[in-house]
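Student: let me see the structure of the following:
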Amino acid sequence: MFIQVGDTWAIASDEHCWMIKKYEQPNTTYPEGRWKAQTFHSKIEDAINSMTAKRIRLSEATTLADAIKDAQDIKKEIKAVFDDKLI
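Tutor: Down below sits the predicted model:
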C-alpha cells in the first residue's frame with residue numbers, strides 16, 4: 001500500500017510494517033527522485049501519529065498561534081486523505 005499525503009509525505013506498507021516516507025528531490029544518485037523511508041511502525045495508527053508529530057515538529061512556525069494553526073492544517077490534510085481512501 002502507498003498513500004501519498006501532500007507532495008512530500010506518504011504512508012506505505014509491506015508485509016512486515018507501516019512506513020513513513022518522505023520524497024527526496026532528484027539528484028545525481030537518484031535522477032528521478034525517490035521516496036525514502038523515515039520511520040517504521042507495527043500499526044497504521046502509530047504511523048499516522050508519527051507522521052503528524054514529525055510534520056508539526058518540522059513546521060516553520062515562529063509563534064504559538066502559528067504552530068497551533070499548522071498542527072490543525074496538518075491534521076485536516078491527513079484526515080482528508082484517509083477519509084477519501086475509506087469512501
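Student: just the helices in the protein please.
Tutor: 44-57, 64-86 (DSSP state H).
Student: out of those helices, which one sits most buried?
Tutor: helix 44-57 (a mean of 16; mean count of other Cβ atoms under 10 Å). Where you see a C-beta, it was placed from the backbone N, CA and C, and this is true even at glycine.
Student: hmm, who's touching that one?
Tutor: Residues outside helix 44-57 that contact it (Cβ atoms under 8 Å, 6 or more residues apart in numbering): 5, 9, 11, 13, 18-20, 38-39, 41, 67, 70-71, 74-75, 78, 82.
Student: next: stretch 73-84.
Tutor: Around stretch 73-84, the neighbours that count as contacts under Cβ under 8 Å, 6+ apart are 3-6, 48, 51-52, 55-56, 59.
Student: quick one: least confident helix or strand in the chain?
Tutor: Of all helical and strand segments in the chain, the minimum by mean pLDDT, DSSP states H and E falls on helix 64-86, at a mean of 85.
Student: and that helix, C-alpha only, in PDB?
Tutor: Taking Å, rounded to 0.1, in the frame of the first residue of the first chain, the C-alpha atoms of helix 64-86 are listed here in PDB:
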ATOM      1  CA  LEU A  64       2.500  29.500  19.300                       C
ATOM      2  CA  ALA A  65      -0.500  30.600  17.300                       C
ATOM      3  CA  ASP A  66       1.300  29.700  14.100                       C
ATOM      4  CA  ALA A  67       2.200  26.300  15.500                       C
ATOM      5  CA  ILE A  68      -1.400  25.600  16.500                       C
ATOM      6  CA  LYS A  69      -2.600  26.600  13.100                       C
ATOM      7  CA  ASP A  70       0.000  24.500  11.300                       C
ATOM      8  CA  ALA A  71      -0.900  21.500  13.600                       C
ATOM      9  CA  GLN A  72      -4.600  21.900  12.700                       C
ATOM     10  CA  ASP A  73      -3.900  22.200   9.000                       C
ATOM     11  CA  ILE A  74      -1.700  19.100   9.000                       C
ATOM     12  CA  LYS A  75      -4.300  17.100  10.900                       C
ATOM     13  CA  LYS A  76      -7.000  18.200   8.400                       C
ATOM     14  CA  GLU A  77      -4.900  17.300   5.400                       C
ATOM     15  CA  ILE A  78      -4.200  13.800   6.800                       C
ATOM     16  CA  LYS A  79      -7.800  13.200   7.800                       C
ATOM     17  CA  ALA A  80      -9.000  14.300   4.300                       C
ATOM     18  CA  VAL A  81      -6.600  11.900   2.600                       C
ATOM     19  CA  PHE A  82      -7.700   8.900   4.700                       C
ATOM     20  CA  ASP A  83     -11.400   9.900   4.500                       C
ATOM     21  CA  ASP A  84     -11.100   9.800   0.700                       C
ATOM     22  CA  LYS A  85      -9.500   6.300   0.900                       C
ATOM     23  CA  LEU A  86     -12.300   4.900   3.100                       C
END
